[in-house]
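**Q** Model the following, please.
(chains A and B)
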2 protein chains.
Amino acid sequence: MVGTAIAGKLVALGHEVTMGSREQGSEKAVAWVEAAGGSAAEGTFADAAAFGELVFNCTAGLHSVEALESAGGENLAGKVLVDVANPLDFSAGMPPTLGICNTDSLGERIQVTFPEARVVKALNTINCSLMVDPERVPGDHVVFVCGEDADAKRQVGELVQSFGWPAGRIIDLGGIRSARGTEMYLAFWLSLWGTFGTGDVNIAVLHAES
Amino acid sequence: MVGTAIAGKLVALGHEVTMGSREQGSEKAVAWVEAAGGSAAEGTFADAAAFGELVFNCTAGLHSVEALESAGGENLAGKVLVDVANPLDFSAGMPPTLGICNTDSLGERIQVTFPEARVVKALNTINCSLMVDPERVPGDHVVFVCGEDADAKRQVGELVQSFGWPAGRIIDLGGIRSARGTEMYLAFWLSLWGTFGTGDVNIAVLHAES
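**A** Numbering: from 1, shown residues only, chains lettered A, B, ... in the order given. Okay, here's the model as predicted:
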């Protein structure tokens, strides 16, 4: 769902997109290509990573490192790798717990595993509909980016702006270690979802002058 | 610091307060009593728990269960026990990690250990200055309560309102399991603190109609 939402938005914005799956010709990917139109394609994880100037990781968080290994470190080297996944573990039912947390995060693990990729953790604190359509929720709610590479964060910030997020509502939380906070936030977000009865829920950040 | 902030506010609001410490006559507690005035007292954890109609846990989260055991389950039975602590582990330096998280929370552990106490997790997503003075941060930022006992949450909500929080800015996240979310939120909050350079930082929650 996350991959389809982001890939669809990218195509709508005029980008050429290859959606990667475990195997070429997956039913969902083929259906997406047919629905999305001319600049959409599909292939293996490696095909997608080799094709993209910028790569989104929208795989299930607990399998992301494996999927990215299948994509190939050589296809990710030097590229901006936007990690929107969360390491949710549904094995004990709902609500999920986190398969990685507290002393590590998925974002950090991806950066450590692929040191030549320019990992930016982004957009993982909201559901995928809201990622690409911020006006679903009224008000000055925000999204977050973190990562070690300032230029990569700038590029991701521009892309997120093209999704409809004003620059002032994209908060840079610093290095990739901050992914711990935005991933652990999911436990809180699940409570918000339950409380307000909608996944179209997000936060604004307010503060005194420092 | 949290205990002093809350106890001071309670005294200022006209409540009688006994601050509990590991031993009676602790230097900090005696100094607080002298500064706070007539309706303030101090003693052991057990003295404070026996005295209070309502008990705040403001101890360091990793030692809270031990402190509450010292206070005595019989002194907590039937009482509203407001848990504002977070199980922060500073043993590996800054930023802290959580000593309990993901599949458990301090709030849940306290409720399980003291089944006759009416535990309400509250106020633990902000710093103690803001807890008792919400106007330090502009805007409609919020605090959270969770717990199994609706009447206990109502009582805590009224007390939090007396601290200056409008009723509409006190969000009930449901049962005590939701404490996982508000405690794991601390990792995110620490990033906000670092990013904005002030502990006077909080969030508003915005959502579409469900």
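**Q** what kind of secondary structure is A:Ala50 in?
**A** Of the three states, A:Ala50 takes helix under DSSP: H, G, I helix; E, B strand; the rest coil.
**Q** Tell me the pLDDT of it.
**A** Predicted confidence (pLDDT) for A:Ala50: 98.
**Q** Next: A:Gly38.
**A** 75.
**Q** Neighbours of it, how many?
**A** 8 (other C-beta atoms under 10 Å in any protein chain shown). For the C-beta atoms, the positions are set from N, CA and C on the backbone; glycine is no exception.
**Q** Tell me where chain A has helices.
**A** Along chain A, the stretches classed as helices by DSSP state H are A:2-12, A:27-36, A:45-51, A:64-71, A:73-76, A:106-113, A:128-131, A:150-162, A:179-196.
**Q** what sits up against the second one?
**A** With contact meaning C-beta atoms under 8 Å, 6 or more residues apart in numbering or on different chains, helix A:27-36 is reached by A:4, A:7-8, A:11, A:17, A:19, A:21, A:40-42.
**Q** The lengthiest strand in chain A packs against which elements?
**A** In chain A, ranked by residue count with DSSP state E as the criterion, the top strand is strand A:201-207. In terms of contacts (3 or more C-beta pairs under 8 Å, 6 or more residues apart in numbering or on different chains; DSSP states H and E), strand A:201-207 is packed against helix A:179-196, helix B:179-196, strand B:201-207.
**Q** sorry, back to before: neighbour count added to the contacts of helix A:27-36, as TSV?
**A** Conversion of the contacts of helix A:27-36 to TSV gives the following (neighbours: other C-beta atoms under 10 Å in any protein chain shown):
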residue	neighbour count
A:Thr4	17
A:Ala7	25
A:Gly8	19
A:Val11	20
A:Val17	24
A:Met19	28
A:Ser21	21
A:Ala40	20
A:Ala41	17
A:Glu42	23
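**Q** Quick check: the two most widely separated of those?
**A** Farthest pair in those (C-beta to C-beta) is A:Val11 and A:Ser21. Separation: 16.4 Å.
**Q** residues contacting A:Asn202?
**A** Neighbours of A:Asn202 in contact, by C-beta under 8 Å, 6+ apart: A:125-126, A:130, A:137, A:141-143, B:205-207.
**Q** Not counting its neighbours along the chain, what's nearest it?
**A** A:His141 (3.8 Å; C-beta to C-beta, 6 or more residues apart in numbering or on different chains).
**Q** ok, that neighbour to A:Asp200 distance?
**A** Taking C-beta to C-beta, to the nearest Å as the measure, A:His141 and A:Asp200 are separated by 10 Å.
**Q** Comparing those two, which residue is more hemmed in?
**A** A:His141 (23 against 20).
**Q** got the phi/psi numbers for the more buried one?
**A** In terms of degrees, to the nearest 10, the main-chain angles of A:His141 are phi -80, psi 160.
**Q** List the contacts of it.
**A** A:134, A:169, A:202-204, B:206.
**Q** Read off the pLDDT value for it.
**A** 98.
**Q** try A:Gln111
**A** 98.
**Q** what sits against it?
**A** Under the criterion of C-beta under 8 Å, 6+ apart, the neighbours of A:Gln111 are A:117, A:119, A:147-148, A:176.
**Q** same thing but at 10 Å, please
**A** If you count contacts by C-beta atoms under 10 Å, 6 or more residues apart in numbering or on different chains, A:Gln111 has them with A:81, A:83, A:105, A:117-121, A:147-149, A:175-177, A:179.
**Q** any low-confidence regions in chain A?
**A** Across chain A, not a single residue meets the criterion (pLDDT under 70).
**Q** Just give the nearest non-adjacent residue to the residue positioned nearest the centre of it, would you?
**A** Nearest to the mean C-alpha position of chain A, counting by C-alpha atoms, centre = their mean, stands A:Val84 at 1.6 Å. Spatial nearest neighbour of A:Val84, excluding adjacent residues (C-beta to C-beta, 6+ apart): A:Leu123 at 4.7 Å.
**Q** What distance do you get for the one you found to chain B?
**A** For A:Leu123, the distance to chain B (C-beta to the nearest C-beta, to the nearest Å) stands at 15 Å.
**Q** wait, doesn't that residue sit right on A:Gly157?
**A** No - using C-beta atoms under 10 Å, A:Leu123 makes no contact with A:Gly157, being 11.1 Å away.
**Q** Redo the contacts of A:Asn202 as a markdown table? Include distance to A:Glu66.
**A** Output for the contacts of A:Asn202, formatted as a markdown table (distance: C-beta to C-beta, whole Å):
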| residue | distance to A:Glu66 |
| --- | --- |
| A:Thr125 | 24 |
| A:Ile126 | 25 |
| A:Leu130 | 27 |
| A:Val137 | 33 |
| A:His141 | 33 |
| A:Val142 | 31 |
| A:Val143 | 27 |
| B:Val205 | 35 |
| B:Leu206 | 36 |
| B:His207 | 34 |
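**Q** Kindly supply the PyMOL command isolating those of these that are buried.
**A** Buried residues within those, by 16 or more other C-beta atoms under 10 Å in any protein chain shown, are selected in PyMOL with:
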select buried, (chain A and resi 125+126+130+137+141+142+143) or (chain B and resi 205+206+207)
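**Q** list the contacts for A:Ala167?
**A** Counting by C-beta under 10 Å, 6+ apart, A:Ala167 has contacts A:157-158, A:160-161.
**Q** got any residues that touch both of A:His141 and A:Asp200?
**A** Joint contacts of A:His141 and A:Asp200 (C-beta under 10 Å, 6+ apart) are A:126, A:130, B:206-207.
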